[in-house]
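*Asks:* sequence and predicted structure are below.
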Amino acid sequence: MIIDDAQPFPFAFEEDSCALLLIDMQRDFIEPGGFGESLGNDVTPLLEIVPAVSTLLDGFRYNNLCIIHTRECHQPDLSDCPPSKRHRGSPARRIGDPGPMGRILIDGEPGADIIAPLAPLPDEIVITKPGKGAFYNTELEAVLQSNAISHLIVAGVTTEVCVQSTMREANDRGYDCLLATDATASYFPEFKKSTIDMIRAQGGIVGWTATVDQIVNALPL
Ligand code: C5J
């Protein structure tokens, strides 16, 4: 398989060694009343990418390819949440505080769920992560190795935080990563643009980029 129009140059991959990595498409980041909004953000740009992420997910499901979802959240006793993360700034609600979707960013609460239109199917992998990067303190690397994955198509939120952190972690570990540009979003559109530029600058120093249509058109079915 090859995505000819990928930037900065074509992205070649084998279907058996390529996974879709969907980052943190959770209610707490995307819906009003969650963690994202409690930090003072407008969630609209995140809501807008849901149809494109859904198209990408359908393409991988139809082709029976490996699909991995991540969720950023913490244990109810906050034992995996550094105090520095919880106490920084003056958000309307802190991690662990009660909100309209349960306790903010806590595993098992409704806000930590992936949004309904993108809910994982039973055979899809879900990685629960305490940090921004999906490799930190998770089983992600073992999962990729046991599935013989070498190439990652990455999408989700937010572009310059958890998506970029994860792509950089993956790149350092030797994975070839491509970011789906219309299936990722930031609360700050200018940060999304800069992140895309950074990823593919210097000959793809972090990886490649392509649109959802370009990716899906490269899939066999
Ligand atoms: C943030 C994320 N922004 N998923 N998390 O705190 O990008």
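*Replies:* Thanks, I have it.
*Asks:* CA atoms for contacts and neighbours, from now on please.
*Replies:* OK.
*Asks:* thought residue 2 was touching residue 11?
*Replies:* Yes. Shown here, residue 2 and residue 11 form a contact pair, counting by C-alpha atoms under 8 Å, at 5.5 Å.
*Asks:* show me which of these two is the more surrounded one.
*Replies:* residue 11 (22 against 15; other C-alpha atoms under 10 Å).
*Asks:* please tell me how far that one sits from residue 68.
*Replies:* 20 Å (C-alpha to C-alpha, to the nearest Å).
*Asks:* burial of residue 90, as a residue count?
*Replies:* Residues near residue 90, counting by other C-alpha under 10 Å: 11.
*Asks:* could you find the closest non-adjacent residue to it?
*Replies:* Once flanking residues are discounted, residue 90 sits nearest to residue 39: 8.0 Å by C-alpha to C-alpha, 6 or more residues apart in numbering.
*Asks:* ok, for residue 91, nearest residue in space, not its chain neighbours?
*Replies:* Going by C-alpha to C-alpha, 6+ apart, residue 91 has residue 39 as its nearest residue, at 4.9 Å.
*Asks:* list the contacts for the one you found?
*Replies:* 90, 91, 92, 93 (C-alpha atoms under 8 Å, 6 or more residues apart in numbering).
*Asks:* restricted to helices, list those.
*Replies:* Members of the contacts of residue 39 lying in helices (criterion: DSSP state H): none.
*Asks:* by neighbour count, which of those wins?
*Replies:* Neighbour-wise, these (other C-alpha under 10 Å) top out at residue 93, 19 neighbours.
*Asks:* still on that earlier bit, so how far is residue 187 from the residue nearest to residue 90?
*Replies:* For residue 39, the distance to residue 187 - C-alpha to C-alpha - is 11 Å.
*Asks:* next SSE downstream of the lengthiest helix in the chain?
*Replies:* If each helix of the chain is counted by residues according to DSSP H, the longest one is helix 189-204. Next helix or strand after helix 189-204 toward the C-terminus (DSSP states H and E): strand 208-210.
*Asks:* contacts for the helix or strand just after that following strand?
*Replies:* With elements assigned by DSSP H and E, the helix or strand that comes after strand 208-210 is helix 212-218. Under the criterion C-alpha under 8 Å, 6+ apart, residues 1-3, 5-6, 52-53, 55-56, 59, 180-183 lie in contact with helix 212-218.
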